[in-house]
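Student: Dropping a prediction and its sequence here:
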Amino acid sequence: METEAITEGLDALLKISGKFGVRLFIDIIFVILLLKFIYIKHYKSKDYVFTFFVFNIVIFSVAFLLNKVELSLGAAFGLFAVFGMLRYKTEEISIKDMTYLFLNIAIGLLCAVTKIKGDDMFEYIFLIGLNLIIFIIIYLLESNVFMKRESMKLVNYEKIEHIKADDHSQLIADLRERTGINIHRVVIQKVDFLKDSAQIKIYFYE
């Protein structure tokens with residue numbers, strides 16, 4: 001009886017390990033595709049790549065483990081929210097970077113807890129298809145297929161006489177000449193009358 005119990009335990013462990021390995025492989029492949037062919041390609045930044053990978057793998061591992069002890073859907077989304085709301089105190093993360101952080105967390109969670117009735121192969125095919133759909137949608141949204149991709153930069157501007165609402169055309173013209181960027185709109189973020197300067201967000205199409 002003890003030998004049978006040990007054998008059954010080893011078989012179960014091997015089965016779980018196999019599922020973990022395949023799901024982790026699918027997860028890592030799609031995270032690499034997302035970061036290499038979309039995030040790094042469009043934003044030319046590798047600052048948060050390590051962070052995205054770590055969050056993804058930690059979320060995947062914890063969610064997969066908890067899923068084996070009957071993780072409920074509510075608990076899964078709670079886990080997603082807890083990790084997703086983490087912010088670093090040393091520097092601010094932009095909206096775009098935070099969006100990609102959420103995407104990496106979501107991919108890890110999907111790969112860990114998605115269950116489909118049927119054999120394992122069908123489940124893996126469904127998981128690949130689901131991640132592929134997410135990848136294609138993000139790729140199309142980041143391209144110019146549906147709309148022009150708008151970028152933003154924050155600049156310090158000292159000619160505060162141009163920040164009046166009726167002088168925005170002159171403000172944009174001056175900023176275009178100084179930056180060499182074809183700016184199409186601006187948002188005045190903050191004005192410092194003591195230093196005669198303003199922080200301005202400039203928006204342009206790439």
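Tutor: Thanks, I have it.
Student: Just checking, which helix or strand of this protein averages the lowest pLDDT?
Tutor: None of the helices or strands of the chain scores lower by mean pLDDT, DSSP states H and E than helix 73-84, at a mean of 58.
Student: Tell me which residues touch the residue nearest to residue 49 when sequence neighbours are not counted, please.
Tutor: Spatial nearest neighbour of residue 49, excluding adjacent residues (CB to CB, 6 or more residues apart in numbering): residue 35 at 5.7 Å. In this view, the C-beta of every residue, glycine as well, is placed from N, C-alpha and C. By CB atoms under 8 Å, 6 or more residues apart in numbering, the residues touching residue 35 are 49, 52-53, 100, 104.
Student: can I assume residue 35 sits in a helix?
Tutor: Yes - counting by DSSP: H, G, I helix; E, B strand; the rest coil, residue 35 is located in a helix.
Student: about what we covered before: I'd like the contacts of residue 35 as CSV, with neighbour count and pLDDT appended.
Tutor: CSV is the format used below for the contacts of residue 35 (neighbours: other CB atoms under 10 Å; pLDDT from 0 to 100):
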residue, neighbour count, pLDDT
49, 17, 92
52, 21, 92
53, 16, 93
100, 21, 92
104, 27, 93
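Student: Go through those and flag which are in helices.
Tutor: The helices, defined by DSSP state H, take in 49, 52-53, 100, 104 from the contacts of residue 35.
Student: Most widely separated two among those residues?
Tutor: With CB to CB as the measure, no two of the ones in helices among the contacts of residue 35 lie farther apart than 53 and 100, at 11.5 Å.
Student: List the buried residues of whichever strand or helix holds residue 126.
Tutor: Using DSSP states H and E, residue 126 sits within helix 120-142. For helix 120-142, burial by neighbour count (16 or more other CB atoms under 10 Å) applies to 123-124, 127, 130-131, 134-135, 138-139, 142.
Student: now these in TSV, with pLDDT?
Tutor: Shown next, in TSV, are the buried residues of helix 120-142 (pLDDT from 0 to 100):
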residue	pLDDT
123	88
124	90
127	93
130	94
131	96
134	95
135	95
138	93
139	92
142	86
